[in-house]
Every structure is written in structure tokens, then in C-alpha cells.
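Engineer: fold the following for me, if possible:
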Amino acid sequence: MYIECAKKLREHGAGVLISVATAVLIYVIGFLVFIPIAEAYQPTFFGYPVTQIIAFVILVALAILVLRIVYQIHELTDGFAGVLAYEFGKAGGEVTTESYKHYRTAIRGVLYVIVVAGIYLLFAGYLAKIHAGLAALFLIAIVIWAVFSLYRAGMAIGAEVKTMVEKWAEKLEKKKEKKE
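Structural biologist: Numbers count the residues shown, from 1 in each chain. Take a look at the predicted model:
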């Protein structure tokens, strides 16, 4: 499991960085070059402001990159969770599938909230160019989802902490019994 998880980290780590850099580049060029040009002339195309059309095109390009990033992060979290479960399990004397699942749930929960917040920051300006209410609607949905996701992550870490504390307490009890 450890080797397979380390392989996932190696395979997808660079891809995430490249995809994020590409998304940021598209965002910056779109917002600093293409949107200002369209706003300066205020042209329309078949009755739609070109600013909105450009914002939509950039949103589609960013969405495609974001899907790639999310897939790669999904694979990275699996790899990172496996490595953590192995390292912590090795220290505790036992590596379990349940620990792996807890770490994976916790890592995914926290990391996905961070990633989705970053994605929202990329999309918000373009969503507002299309319609101001879109940005607000997405933000509300993200906050509701984030609360549930972080709660699940907390419960997963709590389960691991509980297991560790129970093992520690058991060792203390055995020490006390040996002294008696």
C-alpha cells in the first residue's frame, strides 16, 4: 500500500502544479487583457455583450482545467492518506484500512475546501461579469458544502485520535497492572 500511495504522489504532484499554474495564467490574461479590451469598446455579438461572452469562454476553459486539478488532487489525497496511515500506523504498531479511510476522509475534506475556495476565487470575477447573483449563489452553496465537509473531516480525525487515546490508556493500564 505504501509503495502504491507514494507512486500516486509522484505521478500527480507535478500535474497539479502545472494545471494550477495554467489556470492562474488563463485567469490573469483574461482579466488583465481580454476583459478590459472588451469593456473599452463595449461591443455586442448577437445582442450579448462581448465582455460576458469572453467571461463565459474563460470560465469554460477554467472549468476544464479545474476538473483535471480535482481529479489529480483526488489521487494525491489517496496517496498522502496512505503514507500517513502507514507512518502513524507503523509508530503505533499497526496499519489498518480503517485508519487509511479516516486519514483520506480528513485530508480530502480539508484540502477540497481549500481547493474549492481557490477555484471560487478564480471563477467569482468572471461569474460576476456574467451576472452578479451567480457569484453570490455559488458562494452560499460552497459555504454550506464546506461546513459539512469540514465536519466530516473533524469526525474522521476524531476517530483516529480516539483510537490512539484508547491504545495509550490501555498501555497505561497494563503498566499499572504489572506494578501491582
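Engineer: pLDDT of the longest helix belonging to the chain, averaged?
Structural biologist: Taking DSSP state H as the assignment, the helix of the chain that covers the most residues is helix 132-179. Here the mean pLDDT over helix 132-179 is 88, rounded to a whole number.
Engineer: just stretch 34-46 next, same as before
Structural biologist: Mean per-residue pLDDT for stretch 34-46: 83.
Engineer: and the pLDDT at the residue nearest to the spatial centre of the chain?
Structural biologist: If you average the C-alpha coordinates of the chain and look for the closest C-alpha using Cα atoms, centre = their mean, you land on residue 112, 2.4 Å from that point. Reported pLDDT at residue 112 in the predicted model: 89.
Engineer: with the one 5 residues further on instead?
Structural biologist: At residue 117 the predicted local confidence, pLDDT, stands at 93.
Engineer: the nearest residue to residue 31 once chain neighbours are set aside: neighbouring residues, count only.
Structural biologist: The spatial neighbour of residue 31 that comes closest, neighbours along the chain excluded (Cβ to Cβ, 6 or more residues apart in numbering), is residue 125 at 6.1 Å. Just so you know, the C-beta spots here come from the backbone N, C-alpha and C atoms, and that holds for glycine as well. The criterion is other Cβ atoms under 10 Å. On that basis, residue 125 has 16 neighbouring residues.
Engineer: the one 5 residues further on now?
Structural biologist: Other residues lying near residue 130 total 16 when counted by other Cβ under 10 Å.
Engineer: coming back round to it: for the helix or strand the residue nearest to the centre of the chain falls within, buried residues please.
Structural biologist: Element membership for residue 112 (DSSP states H and E) is helix 97-130. By neighbour count, and taking 16 or more other Cβ atoms under 10 Å as the criterion, the buried residues in helix 97-130 are 99-100, 102-113, 115-116, 119-120, 122-123, 125-127, 129-130.
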